[in-house]
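Novice: next one to model:
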Amino acid sequence: MRLGAHMSISGGLDKAVIRGQEVGCETMQIFTKNSNQWKAKPLAISEVTAFREACQAADIGPIVAHSAYLINLAAPDEALYEKSIQAFLEELQRCELLGIPYLVVHPGAHMGRGEEQGLQRIAAAIDRIHRDTPKMRAAIVLEVTAGQGTALASRFEHFAAVLEQVDAPDRLGFCLDTCHLLAAGYDFRTRKGYDHMMDAWEKLVGIERIRVIHLNDSKKDLGSHVDRHEHIGQGYIGTNGFELLLNDRRLAELPMVLETPKDDNADVRNLATLRQLMH
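Specialist: Here you go, the predicted structure:
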């Protein structure tokens, strides 16, 4: 099991790898561009080379990328929908250049048009992206959300619906986020609750389809639908939920990354807490 954290790319993509090394990452997550902007300057060959060499030297991997938050693959507005698909496609191409195998995305929000239409639009967007990238190794990874507002993907049934509708389901991966799961109403803080949640996931989606896990405690309690991350063991999940997850042998090969607040050496402390929970 490789543990790591989301790292800043400030000053260059290769700097993220050095930061990851400094805090003890075995894996890590980055944005490949500014996460609050649509456009990015194309990657220079020198940037790609520096990043790939830094990853190799640091023995950090797999590296996971997270897409920009502006993207909404369920948008009912055609202009926003098109913009989202193009932006996501560009990010996927950046991942391919950088040798990053997974691009995590919040699937989208239906903006009042209802779950069914939103999920259909997500599936259609994925099909278009897949058609445009037939040989691509970098894969789309859909993340569980807290279900804030009209955000989709807070229920495992939503993923099952997307899998059913897409033409190439085997190209899709999924990301579990502990904070989002609790906020969405999945209580995995006891052995019974954890098993119940994972059984539901196995039945609807399949444990073998999980590619990435985000390890975040939650500032808000069960079923709040509020996405606010907290340091490990300091929120409503506590250490028990993390202990169950970290010692689940079915997840042993997966990259697990923190997205917790960055105050005062927090990554080092949070990674140490997680490592103590592993048996």
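Novice: longest helix in this structure, please.
Specialist: In the chain, with assignment by DSSP state H, the single longest helix is helix 78-98.
Novice: need phi/psi at the nearest residue to residue 228 once chain neighbours are set aside.
Specialist: Spatially, and ignoring its direct neighbours in sequence, residue 228 is nearest to residue 219 (3.7 Å; CB to CB, 6 or more residues apart in numbering). C-beta coordinates here come from the backbone N, C-alpha and C atoms, glycine included. With angles defined as degrees, to the nearest 10, residue 219 sits at phi -70, psi -20.
Novice: contact partners of the longest helix of the chain?
Specialist: In this structure, residues lying in contact with helix 78-98 by CB atoms under 8 Å, 6 or more residues apart in numbering are 13, 32-33, 38, 40, 43, 48, 51-52, 63, 65, 67-68, 70-73, 75, 100-103, 105, 108, 121, 125, 128-129, 132-133, 136-138, 140.
Novice: returning to what we had before: for the residue nearest to residue 228, grab the count of nearby residues.
Specialist: Number of residues near residue 219 (other CB atoms under 10 Å) recorded here: 18.
Novice: what's the separation between it and residue 269?
Specialist: As judged by CB to CB, to the nearest Å, residue 219 and residue 269 stand 17 Å apart.
Novice: which parts of stretch 139-154 are buried?
Specialist: For stretch 139-154, burial by neighbour count (16 or more other CB atoms under 10 Å) applies to 139-148, 150-154.
Novice: now do residue 239 against residue 135, distance only.
Specialist: For residue 239, the distance to residue 135 - CB to CB - is 43 Å.
Novice: out of these two, which sits in the more crowded spot?
Specialist: Neighbour count, other CB under 10 Å: between residue 239 and residue 135, residue 239 has more, with 17 against 5.
Novice: nearest residue to residue 52 in space, please, no chain neighbours.
Specialist: Spatially, and ignoring its direct neighbours in sequence, residue 52 is nearest to residue 99 (5.6 Å; CB to CB, 6+ apart).
Novice: of the buried residues of stretch 139-154, which is the nearest to residue 227?
Specialist: Lowest distance from residue 227 to the buried residues of stretch 139-154 (CB to CB) belongs to residue 146, with 3.9 Å.
Novice: show me where the stretch 1-150 of the chain has strands.
Specialist: 2-6, 27-30, 63-66, 102-105, 139-143 (DSSP state E, counting those that start in this stretch).
Novice: can you name every helix or strand that the third one contacts?
Specialist: Taking 3 or more CB pairs under 8 Å, 6 or more residues apart in numbering; DSSP states H and E as contact, the helices and strands that strand 63-66 lies on are strand 27-30, helix 78-98, strand 102-105.
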